[in-house]
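In: model this:
(one chain, ligands or ions: 1)
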Amino acid sequence: MPHWRAYRELRNQAHGPLTAMGADWQQIRSVLNPRMLKPKHVSSYANTINEVVGDFIRRLSWLRETTGGGLMVHDLTEELYKFAFEGISSVLFETRMGCLEEAVPEETQRFIVSVGDMFRLSPVIVLFPKSLWPYLPVWKRFVAAWDYLFKVADRLIQQKMEDIQQKVHLDQSVEGAYLTHLLLSDQMTVTEILGSVTELLLAGVDTTSNTVSWCLYQLAQHPQIQEQLYQEVMSVCPGDTLPGSEDIGRMPYLKAVVRETLRMYPVVPGNARVTVDSEIVVGGHLFPKDTLFHLCHYAVSYDEHIYPDAHAFLPQRWLRGAPDKARQHPFGSVPFGFGVRACLGRRVAELEMYLLLSRLMKHFEVGPDPAGTRVEPVTRTLLCPAKPINLQFTDRPAKQQRAA
Ligand code: HEM
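Out: The predicted structure follows:
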């Protein structure tokens with residue numbers, strides 16, 4: 001990501017986990033990892049996320065009534081984007097951004113647009129040599145987008161610092177999750193926290209929102225799979241019970257549905273590694289030291305040798321004892337990457353997706369767009385739907401919810 005790094009150098013901002021390298025990166029991850037990856041910390045975010053899920057369900061119902069003729073929700077990814085932004089900011093900043101209100105606050109809306117601009121402009125900039133970047137109009141727009149992202153994150157951090165100072169002043173105990181912990185732990189300067197938190201926020205929005213969009217798109221096309229998922233959720237959480245993090249452990253089919261979605265639509269369609277230590281032999285070919293390998297998750301996902309019937313949405317292939325499972329290559333699908341540099345937000349992303357999907361299944365039956373629109377994926381740094389996904393959301397009768 002040389003262009004992302006160049007922005008930080010231009011503005012004297014700190015690198016975060018996405019853009020840092022070597023020892024700096026290692027130090028950042030050692031501070032950020034525990035509260036992002038340790039199960040006991042991650043499950044403590046479930047209540048916060050569940051509140052956001054509740055608001056999202058209310059928003060879907062409202063959209064359906066006001067703009068969807070009582071049934072349709074148009075451009076679901078856009079709505080899920082707001083959900084994901086609200087979810088990750090409530091975890092990171094311990095504050096609500098108002099993304100799911102009827103009128104989305106202007107700052108939030110502009111933040112969302114800036115993230116989109118930054119991802120859209122990124123692949124264009126890298127087509128040009130670095131020396132030309134300062135002269136390109138596209139670079140100026142890219143810089144403006146990052147400026148806005150840092151500005152919003154900075155405001156939220158300053159606000160949290162003021163809250164903490166006020167509590168200390170009033171002799172009240174200071175409690176909080178992610179940002180409060182970072183600010184109090186003294187392991188990073190405020191500039192470093194800003195660099196990291198901005199990158200976490202950025203990485204945590206399009207990834208989950210696009211994945212859930214594809215998941216619902218596929219569930220709408222496959223009513224039997226949706227029914228099986230609904231039955232599983234209702235058997236673990238009957239009636240009005242809200243799924244919590246312990247319940248998810250008893251929902252193997254839900255996990256299989258998400259795994260299959262990420263196989264077919266790996267939102268990060270590829271990632272890279274450089275062989276810095278020595279030359280390496282892969283598949284009988286010798287690659288010299290410092291070779292850049294690009295790992296194409298998307299291509300591997302559709303390799304029929306690894307996934308028979310690769311174009312079919314078959315969550316059952318991930319269940320224990322599935323006939324093809326033993327034949328699958330363990331590295332066939334690694335949508336969160338692998339090793340020490342693997343996704344930092346994996347556990348939070350999974351929790352968000354599981355809590356959201358299980359609650360959506362309890363409330364709605366999701367149906368396809370009656371116009372029969374087929375949506376294909378396209379790469380805009382991340383793998384996104386090439387056109388809007390519109391789906392029908394029918395309330396499940398309350399009686400049915402209670403009986404199950
Ligand atoms: C469906 C959801 C997500 C998917 C599929 C995903 C996928 C990935 C992948 C493939 C990588 C590169 C890993 C590697 O090189 O081995 C990555 C890195 C990263 N992800 Fe995620 N991600 C998701 C959600 C999130 C969320 C919610 C956050 C933040 C809370 C996040 C934060 C990060 C960060 C900070 C990195 C860089 C890690 C590093 O370089 O040390 N991701 N992600």
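In: Tell me how many other residues crowd residue 149.
Out: Counted with other Cβ atoms under 10 Å, residues neighbouring residue 149 total 20. Bear in mind the C-beta positions are built from the backbone N, C-alpha and C, glycine included.
In: quick one: it and residue 310, what's the gap?
Out: According to Cβ to Cβ, to the nearest Å, residue 149 stands 36 Å off from residue 310.
In: Pull up the residues of the stretch 201-350 of the chain that are close to the ligand.
Out: Counting by Cβ under 6 Å from any ligand atom, the stretch 201-350 of the chain comes close to the ligand at 203-204, 207-208, 211, 262, 267-268, 271, 335-338, 341-345, 348-349.
In: taking those residues one by one, which sit in strands?
Out: Secondary structure from DSSP state E places residue 271 of those in strands.
In: With adjacent residues omitted, what lies nearest to residue 157?
Out: residue 194 (5.8 Å; Cβ to Cβ, 6 or more residues apart in numbering).
In: Over to residue 377?
Out: Spatially, and ignoring its direct neighbours in sequence, residue 377 is nearest to residue 383 (4.9 Å; Cβ to Cβ, 6+ apart).
In: part of a helix, is the one you found?
Out: No: using DSSP: H, G, I helix; E, B strand; the rest coil, the assignment for residue 383 is strand, not a helix.
In: For burial, what's the neighbour tally of it?
Out: 22.
In: Identify the residues contacting it.
Out: Counting by Cβ atoms under 8 Å, 6 or more residues apart in numbering, residue 383 makes contact with 210, 265, 266, 267, 268, 269, 298, 377.
In: confidence score at residue 150?
Out: You'll see residue 150 listed with a pLDDT of 95.
In: What about it, how many residues nearby?
Out: Neighbours of residue 150 (other Cβ under 10 Å): 18.
In: The one 4 residues further on too?
Out: Residues contacting residue 154 under the criterion other Cβ under 10 Å number 16.
In: the helices in the stretch 301-404 of the chain, which residues?
Out: 346-363, 398-403 (DSSP state H, counting those that start in this stretch).
In: What of the stretch 1-150 of the chain?
Out: Residue ranges of the helices in the stretch 1-150 of the chain, as given by DSSP H, counting those that start in this stretch, are 2-11, 22-37, 39-43, 46-67, 76-92, 106-125, 137-169.
In: average model confidence for the fifth one?
Out: It refers to helix 76-92. The pLDDT scores in helix 76-92 average 93.
In: ditto for the third one
Out: Model confidence over helix 39-43 averages 90 on the pLDDT scale.
In: returning to what we had before: could you pull out the buried residues of the one helix or strand the residue nearest to residue 157 maps to?
Out: Per DSSP states H and E, residue 194 falls inside helix 190-203. In terms of neighbour count (16 or more other Cβ atoms under 10 Å), helix 190-203 has its buried residues at 192, 193, 194, 195, 196, 197, 198, 199, 200, 201, 202, 203.
In: Isn't the first one up against residue 14?
Out: When you say that, I think you mean residue 192. Yes: in this structure, residue 192 is within contact of residue 14 by Cβ atoms under 8 Å, at 4.5 Å.
In: Now render the helices of the stretch 301-404 of the chain as JSON lines, adding distance to residue 6.
Out: Shown next, in JSON lines, are those (distance: least, Cβ to Cβ, whole Å):
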{"stretch": "helix 346-363", "distance to residue 6": "28"}
{"stretch": "helix 398-403", "distance to residue 6": "52"}
